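Asks: Could you work out the structure for the sequence below:
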Amino acid sequence: MITLTKTNNRMPRWLSEGISVYEERLRDPRWGQSMTARYREMILGEDFTPVSKLSGAFLNPPTGAHLQFAYYESSLVVQYLVEKHGEEKLNAVLDSLADGIPINESLATNIGPIERLEAGFSEYAKEMALAFGKDLEFERHELEPDETAEIIRWAGEHPDNYWARMTLVQRAIAAEDFKSAAEHLEFLVEKDAATAEQGGVLESLALCYRELGRESDERKTMEKLFSVSPDALPSLERYIEMEKSEQNWSSVLATAAQALEIQPFATAIHQSVATACRELGQSEKAIDSLLALQAMDPIDVAGLNFQLAESLAAAGKTQAATDHLVDALLVAPRYRDAHKLLLKLSQPAPADEP
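Replies: Residues are numbered from 1 along each chain as shown. Presented below is the predicted three-dimensional model:
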């Protein structure tokens, strides 16, 4: 493990951000950024930043995409240093920074000359970029959006071009020709060019399968998307509803947990958690979601208090359950199920037989 705190706040931004993203990727590949067609283009083009100038990439990025790329490239530098030189060497760099030695000098002392490091990293990053969709072409053909006929002609003449395929996908989806769109996207998946970003290959393919009624293929594609994407919330919500319809309650819980990492204030997802816990006979596990729902101005105040009372009672928290039942009855005095549970909780536990 690389220790971020050991430099006494003397670490350049690119290194601190790079270590954070790199370790995040190690913990959970979904949350660390991954190669995309756009990142491939930036690494092989003029947007690639030498290691010695990486901190500047965070200062005035021309677009949000460039800022995200700065995080990604920084994480690749850390990955390169760990893979080629080991964590011990990288931690030695951090020790040097803590002693007040500038970053380039720290790298030169512990790793090697900065020029050699930059050349090695450049080769490493470019090899990764070229491995993405290695059998595809990635040259762009710049045309105006209204040049429809020329766009279609060019795309049709370049079937192995990533951008041509994506252009045809976008136009097919816009025309609701989901069968053609799916065929183009399946081709890109076969060529190892599947991407997990919003509107990317996997998300678009799942949409096409949904529209075509190919539920099994949609499920498989979404599951692949969930394994690599940190923010596929619409697809997660769709998957939860599919699993609820099949009464796959354990899957509902697992998928909802992933969705709540992205949007912890999603009321429908919290309610799905509560439903799944109740169906699994694990009401006590719904307490956190029910408390979250209670904090979000619920419509059915009495019903939510009753659900909380059931969950708390299942967890052995009788007094807290009683309090929520009282709250439910204050709102709905004739709530029969609440009266029954309150009566049950107020009865003394049967004494153990001698």
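Asks: hey, let's count contacts and neighbours off CA atoms from now on
Replies: OK.
Asks: tally of neighbours for Ile114?
Replies: Ile114 has 19 neighbouring residues, counting by other C-alpha atoms under 10 Å.
Asks: got the contact list for it?
Replies: By C-alpha atoms under 8 Å, 6 or more residues apart in numbering, Ile114 lies in contact with Ser52, Asn104, Leu107, Ala108.
Asks: What distance do you get for the nearest residue to Ser75 once chain neighbours are set aside to Glu88?
Replies: Distances taken as C-alpha to C-alpha, 6 or more residues apart in numbering place Gly18 nearest to Ser75, at 3.8 Å, with adjacent residues excluded. Distance, Gly18 to Glu88, using C-alpha to C-alpha, to the nearest Å: 17 Å.
Asks: So for the two, which residue has more residues nearby?
Replies: Shown here are Gly18 and Glu88; by other C-alpha under 10 Å, Gly18 has more neighbours (22 against 13).
Asks: Contact partners for that one?
Replies: Going by C-alpha under 8 Å, 6+ apart, Gly18 touches Tyr71, Tyr72, Glu73, Ser74, Ser75, Leu76, Val77, Val78.
Asks: Going by residue numbers, what spans are helices in the stretch 251-354 of the chain?
Replies: In the stretch 251-354 of the chain, the helices defined using DSSP state H, counting those that start in this stretch lie at 267-279, 287-294, 301-314, 318-331, 336-346.
Asks: so which of the ones you listed is the most packed in?
Replies: The highest mean neighbour count among those, using mean count of other C-alpha atoms under 10 Å, belongs to helix 301-314: a mean of 23.
Asks: what distance separates it from the centre of its chain?
Replies: Put simply, helix 301-314 sits 32 Å off its chain's centre (C-alpha atoms, centre = their mean, to the nearest Å).
Asks: Determine the set of other helices and strands touching it.
Replies: Packing partners of helix 301-314 (3 or more C-alpha pairs under 8 Å, 6 or more residues apart in numbering; DSSP states H and E): helix 287-294, helix 318-331.
Asks: Longest helix of this protein, counting residues only.
Replies: helix 64-85 (DSSP state H).
Asks: Can you point out the buried residues in it?
Replies: 66-82 (16 or more other C-alpha atoms under 10 Å).
Asks: what's the answer for stretch 19-29, then?
Replies: Quick answer for stretch 19-29 (16+ other C-alpha under 10 Å): Ile19, Ser20, Val21, Tyr22, Glu23, Glu24, Arg25, Pro29.
Asks: Please apply the same query to stretch 233-244.
Replies: Leu233, Ser235, Leu236, Glu237, Tyr239, Ile240, Glu243, Lys244.
Asks: same question, stretch 129-147
Replies: Ala129, Phe132, Gly133, Leu136, Phe138.
Asks: quick one: low-confidence parts of the stretch 51-200 of the chain?
Replies: Of all residues in the stretch 51-200 of the chain, those with pLDDT under 70 make up the ranges 143-146.
Asks: residue boundaries of the helices in it?
Replies: Counting by DSSP H, counting those that start in this stretch, the helices of the stretch 51-200 of the chain are 64-85, 87-98, 103-110, 114-131, 148-157, 162-174, 178-190.
Asks: how about the ones you listed in TSV, adding distance to Glu211?
Replies: Putting the helices of the stretch 51-200 of the chain into TSV (distance: least, C-alpha to C-alpha, whole Å) gives the following:
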stretch	distance to Glu211
helix 64-85	30
helix 87-98	48
helix 103-110	53
helix 114-131	32
helix 148-157	23
helix 162-174	10
helix 178-190	7
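Asks: and this structure, what are its domains?
Replies: 4-131, 134-228 (automatic domain parsing).
Asks: Now these in a markdown table, please, with extra columns for distance to Lys317.
Replies: Output for the domains of the chain, formatted as a markdown table (distance: least, C-alpha to C-alpha, whole Å):
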| stretch | distance to Lys317 |
| --- | --- |
| domain 4-131 | 35 |
| domain 134-228 | 36 |
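Asks: Minimum distance to Ala286: which of those domains has it?
Replies: Nearest to Ala286, of all the domains of the chain, is domain 134-228, at 23.1 Å by C-alpha to C-alpha.
Asks: chain center to the closest one, what's the gap?
Replies: For domain 134-228, the distance to the chain centre is 21 Å (C-alpha atoms, centre = their mean).
Asks: same deal with stretch 220-235?
Replies: On C-alpha atoms, centre = their mean, the centre of stretch 220-235 falls 8 Å from that of its chain.
Asks: Show me the contact partners of it.
Replies: With C-alpha under 8 Å, 6+ apart, stretch 220-235 has contacts from 29-32, 196-198, 202-203, 205-206, 236, 239, 259, 262-263.
Asks: For the residues you listed, point out the one with the lowest pLDDT.
Replies: Lowest pLDDT of the contacts of stretch 220-235: Gly32, 76.
Asks: Report the secondary structure state of that residue.
Replies: State at Gly32, reduced to three classes by DSSP: H, G, I helix; E, B strand; the rest coil: coil.
Asks: Many thanks, have a good one.
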